[in-house]
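coords below, sequence missing:
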Ligand code: BDP
């Protein structure tokens, strides 16, 4: 008996202690760590009572978040009070539901539906912090903003903050299949458990909504763009409705990827021709059914006539005719269509980088006013580096939203540290030549041509893993996506620093070291995978590891050799006017710049030009030597990340420290593999010795060619 009591006590002790301290990443950037004594005094004095101005589900979610955050950071949460009655109150709500806020006559008129204002002002003669907005969701965003400031140890007295999103559609795109598999997912299975929905509402769904709302994400496409028609069946729509109910208080709408061939695939019609009245009625009835279940359903995302998906061209109709037919079905319910421009064709042997432009440019102005065309950041496919997509700037009559990939299909999955904020900023800041006050890509996104359809979509990296994203550093990419969708001109370094403070801690050395690691991480990946404008050199299918030699796949544009075009004379893809003339798809001044070898930025050199191995780079190196040096620079940069990380051991909890240490070791091993295999292959073409001080690959080319990566995740 005594033995069992002892055992029970021991088990309780063992499980209680680590559980209380374990850092397993579940809390994301909303860790709400206890603050030190001095700050605590200030914060407690500024949070003596919580005064919700309203009682909607959203305001209750805001109160819950306050309770969670403040009790964790300060040891206890202040009581909820009906009115401001002492110094240090926090009053939050809208003028419509809170007479106290209405009486303050705050300047909310420019803040739209989702903006918020945080001000330190007296209320009823007491010092107070007021979080006010036109709609409840703005209030919730403001509450997160205040809590996140506290997580970052920033002052919360004397505040005067006004924020509103620059884009209206801030959406995650989940590439999740109904069987739980996630296409290009590296963080476990799908977060959606379709089998137990709608009855079992996992608490994780609410935590997902909290995380999204904390960074302003206001929509989620639940299923893969390679969409199963089954998602439109009633029994799935009921499950979707349950998720919509969970997300609604957090300002998040649900959307679905729709398979254009659904009426045929579901065996209800023998055609999906968008001009056939029966097809139009089918979609109309489907939309009506969806909106009966989900009155605020967002709309459809569609991948059509791309990589084998059905689409309007199967019936000799254009993308616009297809999109507009769906748009008409959704229009009475205020739904929208996000029609993807990621199309390239098996029958078309023109430069893949030009195909979406060729398809969509002539359709400018032909889309219904509830259609937005969703364009990837680059013209090929989520590569470590691509120039911006030429459609940005080329469709002045059509609202365009930008799609980026948060999940790192082409940047080393979940184990390589690659902060994508710098990559997205590079695309968003690019000059398009678009005739607008802001002629950057960000400016194009912010211009909805009067429809309000402005936005960014991020292919989610959220899965069933305890830490959500497969690694701690991949959480940063989810976080950064939300921040860029809120403000496409945001500073990637500031975002990295904010995230670091909330995720790892506020120690100054830690903050500076981690931020600096993040800021150089993506360039390291470019250097060891695809330097100097090379692209799509990844092994077949899973896209993990190098395969620059691959040239035998059915479609030319699936082959890395199609992109590198390495031969005994040189390397690179000639997209100048003497090559495929892809430069002509950009505005004239942009096109001129990249048409000329000497004015093309070196980071895009081999994207636009095929150059001899002894071409002189700006460094004075030959192209061959410069290429080799880039690969080595990438590997060395990863070793640098490892050293920096090791120096943080005393400042980071064991579990997260150890995991990242292991992941960086994997990244280093992979970076070497990329370097060695790429050099071995390109040397077989260049027939040149390596520059002095740069080691020969340890194996011959055949060794690297023989490496297989079966069972790679995400395929
Ligand atoms: C490619 C992915 C593929 C996606 C496709 C897309 O490899 O899995 O289906 O993009 O965006 O990058 O449709």
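Here it is on my side, so go on. Everything numeric here is computed off the predicted structure, so don't read it as measured data.

Would you mind listing what in this protein touches the ligand?
By CB under 6 Å from any ligand atom, the part of the chain that sits against the ligand consists of 183-184, 225-226, 303, 307, 342, 381-382, 409. Placement of C-beta: from N, CA and C, glycine included.

CSV for those residues, including neighbour count, pLDDT and distance to residue 155?
Converted to CSV, those look like this (neighbours: other CB atoms under 10 Å; pLDDT from 0 to 100; distance: CB to CB, whole Å):
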residue, neighbour count, pLDDT, distance to residue 155
183, 16, 98, 44
184, 21, 98, 41
225, 25, 98, 44
226, 15, 98, 48
303, 24, 98, 47
307, 13, 93, 51
342, 20, 97, 45
381, 19, 96, 44
382, 24, 97, 40
409, 23, 98, 41
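
Among those, name the ones in strands.
Counting by DSSP state E, the residues of the chain next to the ligand place none of their members in strands.

Dump the residues you listed to a markdown table, plus distance to residue 644.
Output for the residues of the chain next to the ligand, formatted as a markdown table (distance: CB to CB, whole Å):
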| residue | distance to residue 644 |
| --- | --- |
| 183 | 33 |
| 184 | 29 |
| 225 | 37 |
| 226 | 39 |
| 303 | 40 |
| 307 | 40 |
| 342 | 36 |
| 381 | 31 |
| 382 | 27 |
| 409 | 26 |
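
So which of these is the closest to residue 702?
Relative to residue 702, the closest of the residues of the chain next to the ligand is residue 409; by CB to CB it sits at 27.3 Å.

residues contacting residue 225?
Residues in contact with residue 225 (CB atoms under 8 Å, 6 or more residues apart in numbering) are 173, 175, 257, 301-303, 309, 340.

which among those residues gets closest to residue 469?
Distance to residue 469, by CB to CB, is smallest for residue 175 among the contacts of residue 225, at 14.1 Å.

which phi and psi does that closest one have?
phi -100, psi 50 (degrees, to the nearest 10).

Going forward, the N-terminal residue is numbered 17.
With 17 as the first residue, the last one maps to residue 191.

Does it touch residue 238 like I think?
No - with contacts counted by CB atoms under 8 Å, residue 191 stays clear of residue 238, the gap being 10.3 Å.

Quick check, residue 323 in contact with residue 242.
Yes - with contact defined as CB under 8 Å, residue 323 and residue 242 form a contacting pair (7.5 Å).

what do these two both touch?
In the contact map built from CB under 8 Å, 6+ apart, no residue is linked to both residue 323 and residue 242.

In terms of residue numbering, what are the domains of this structure?
With domains defined by automatic domain parsing, the chain comprises 18-179, 185-511, 543-589+626-721.

Compare the mean pLDDT across those and name the weakest.
Within the domains of the chain, confidence is poorest for domain 18-179, with a mean of 90 (mean pLDDT).

what's the nearest residue to the residue of the stretch 317-466 of the chain found nearest the ligand if we skip its chain neighbours?
Among the residues of the stretch 317-466 of the chain, residue 397 lies closest to the ligand, at 4.4 Å counting by CB to the nearest ligand atom. Counting by CB to CB, 6 or more residues apart in numbering, residue 397 lies nearest to residue 552, which is 6.9 Å off, once chain neighbours are set aside.

List the residues that contact the one you found.
Applying CB under 8 Å, 6+ apart, one finds that residue 552 lies in contact with 396-397, 399, 426, 546, 576, 578-579.

out of those, who's nearest residue 185?
Looking at these and their distance to residue 185, the nearest is residue 397, at 21.7 Å (CB to CB).

Name all residues that make contact with the closest one.
Residue 397 makes contact with 358, 426, 552 under the criterion CB under 8 Å, 6+ apart.

Make CSV out of those and add distance to residue 156.
Putting those into CSV (distance: CB to CB, whole Å) gives the following:
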residue, distance to residue 156
358, 33
426, 35
552, 41
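
Of these, which is the nearest to residue 179?
The nearest member of the contacts of residue 397 to residue 179, counting by CB to CB, is residue 358 at 31.9 Å.

I'd like to know how far the residue nearest to residue 397 sits from residue 476.
Residue 552 sits at a distance of 22 Å from residue 476 (criterion: CB to CB, to the nearest Å).

before we move on, what about residue 386?
For residue 386, the distance to residue 476 equals 24 Å [CB to CB].

How about residue 446?
Noted for residue 446: a distance of 24 Å to residue 476, by CB to CB.

likewise residue 406?
When CB to CB is applied, the distance between residue 406 and residue 476 equals 26 Å.

between these two, who's got more neighbours?
For residue 406 against residue 476, the residue with the higher neighbour count under other CB atoms under 10 Å is residue 476, and the figures read 31 against 25.

Which residues are in contact with the more buried one?
By CB under 8 Å, 6+ apart, the contact set of residue 476 is 188-191, 236, 422-423, 494.

go on, residue 684?
Applying CB under 8 Å, 6+ apart, one finds that residue 684 lies in contact with 651, 654-655, 658.

of the residues you listed, closest to residue 179?
Compare each of the contacts of residue 684 with residue 179 using CB to CB and the shortest gap goes to residue 654, at 36.6 Å.

My guess is that closest one contacts residue 687. True?
Yes - taking contacts as CB under 8 Å, residue 654 lies within contact range of residue 687: 4.7 Å.

show me the contacts for residue 270.
By CB under 8 Å, 6+ apart, the residues touching residue 270 are 235-238, 256, 259-260, 263, 310, 313-314.

Secondary structure element for it, which one?
Residue 270 is located in strand 269-273, with elements delineated by DSSP states H and E.

What pairs with that strand, parallel or antiparallel?
In the sheet containing strand 269-273, its partner strands are strand 235-237 (parallel), strand 315-318 (parallel), by DSSP bridges.

What residue in the stretch 467-616 of the chain comes nearest to the ligand?
residue 559 (6.6 Å).

For my notes, confirm that residue occurs in a strand.
No - inclusion of residue 559 in a strand is not indicated when DSSP: H, G, I helix; E, B strand; the rest coil is applied; the result is coil.

okay, now it: neighbour count?
Count around residue 559 with other CB under 10 Å applied: 23.

Who are the contact partners of it?
Residue 559 makes contacts with 425-426, as judged by CB under 8 Å, 6+ apart.

Let me know how buried residue 259 is, in neighbour terms.
Burial of residue 259, expressed as a neighbour count using other CB under 10 Å, amounts to 23.

same thing with residue 80?
Burial of residue 80 is recorded as 14 neighbouring residues (other CB under 10 Å).

so where does it fall, helix or strand?
When elements are assigned from DSSP H and E, residue 80 belongs to helix 73-90.

before we move on, back to that, list only buried entries from the contacts of residue 241.
189, 191, 273, 317-319, 325, 356 (16 or more other CB atoms under 10 Å).

hey, where'd the strands end up in the stretch 67-216 of the chain?
Taking DSSP state E, counting those that start in this stretch as the test, the strands found in the stretch 67-216 of the chain are 95-96, 105-109, 132-139, 142-148, 176-179, 185-189.
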